[in-house]
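> let's see this in three dimensions:
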Amino acid sequence: MVDPDVVLGANVRIFNPDLVNLYGCRIGDRTEISPFVEITRGAVIGADCRIASHAYICDGVTIENSVFVGHAVVFTNDLFPLVVRGLPRHPTLVCNHVSIGSNATIVGGVVIGEHAVVGAGAVVTRDVPPLAVVTGNPARVRRQFHSVDELRAYAASRPLTERRP
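Below is the predicted model:
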């Protein structure tokens, strides 16, 4: 279901509008939304993003441009279970060109820097520097690059069967 208060940019592709929950959010130009995604009121998704199936993006989350959000990624906007109503929400920022692996959890109040890579299943509880690769629970920096070219060369050099940075 796509509520009427959702602001969609030009050429947004929602693969199956009957199998998503989008309400009160903004989605940028040319972004692709897979089935079984929920994006709640107040979330902002930039242009040229890909949101894979079963992702949950809550209010207070801003995702900039050219970001990949993998399958079953969950964002939170608080640090504790909502036992008491009215607790402050913690905004989260995902900067340009970030890639978030499947089943990662992004805890509220963090910033994920440009060109960072969040490994599958990681639990991000702290800010992620630009050009870093983080994995684990809690997520830790496993590799830090100095340029986009260095990051791309590293990614291209890895065999498909290799799993860890």
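> which residues are in contact with the spatially most central residue of the chain?
In the chain, the centroid-proximal residue (Cα atoms, centre = their mean) is Val69; its distance is 4.4 Å. Each residue near Val69 by Cβ atoms under 8 Å, 6 or more residues apart in numbering is listed here: Cys49, Arg50, Ile51, Ala52, Ala55, Ile57, Ile63, Ile100. Where you see a C-beta, it was placed from the backbone N, CA and C, and this is true even at glycine.
> one more time with 10 Å, if that's ok
Contacts for Val69 (Cβ atoms under 10 Å, 6 or more residues apart in numbering) come out as 33-34, 37, 45, 49-52, 55-57, 61, 63, 75, 94, 98-102, 104, 106, 118.
> cool, Val73 as well?
37, 51-52, 54-57, 100-106, 118, 120, 122.
> which ChimeraX command selects the buried ones in these?
With 16 or more other Cβ atoms under 10 Å as the criterion, this ChimeraX line picks the buried residues out of those:
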select :37,51,52,54,55,56,57,100,101,102,103,104,105,106,118,122
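> how about low-confidence regions in this structure?
80-87, 160-165 (pLDDT under 70).
> Gly46 versus the residue nearest to the centre of the chain, what's the distance?
To Gly46, Val69 is 11 Å away according to Cβ to Cβ, to the nearest Å.
> equivalent analysis for Leu19, please.
Counting by Cβ to Cβ, the separation of Leu19 from Gly46 is 23 Å.
> the more surrounded of these two?
Gly46 (21 against 14; other Cβ atoms under 10 Å).
> I'd say the more buried one and Ile27 touch.
Yes. Under the criterion of Cβ atoms under 10 Å, Gly46 makes contact with Ile27 at 8.6 Å.
> which neighbours do those two have in common?
In contact with both Gly46 and Ile27: Gly9, Ile63, using Cβ under 10 Å, 6+ apart.
> still on that earlier bit, which ones among the contacts of Val73 lie within strands?
Ile51, Tyr56, Ile57, Ile100, Thr105, Ile106, Val118 (DSSP state E).
> show me the beta-bridge partners of the second one.
Counting by DSSP bridges, Tyr56 forms beta bridges with Glu38, Val74.
> wait, it touches Val74, no?
Yes. Applying Cβ under 10 Å as the test, Tyr56 and Val74 come out as touching, 4.8 Å apart.
> mutual contacts of those two, please.
Applying Cβ under 10 Å, 6+ apart, one finds that Tyr56 and Val74 are jointly contacted by Glu38, Thr105.
> right, I'll leave it there.
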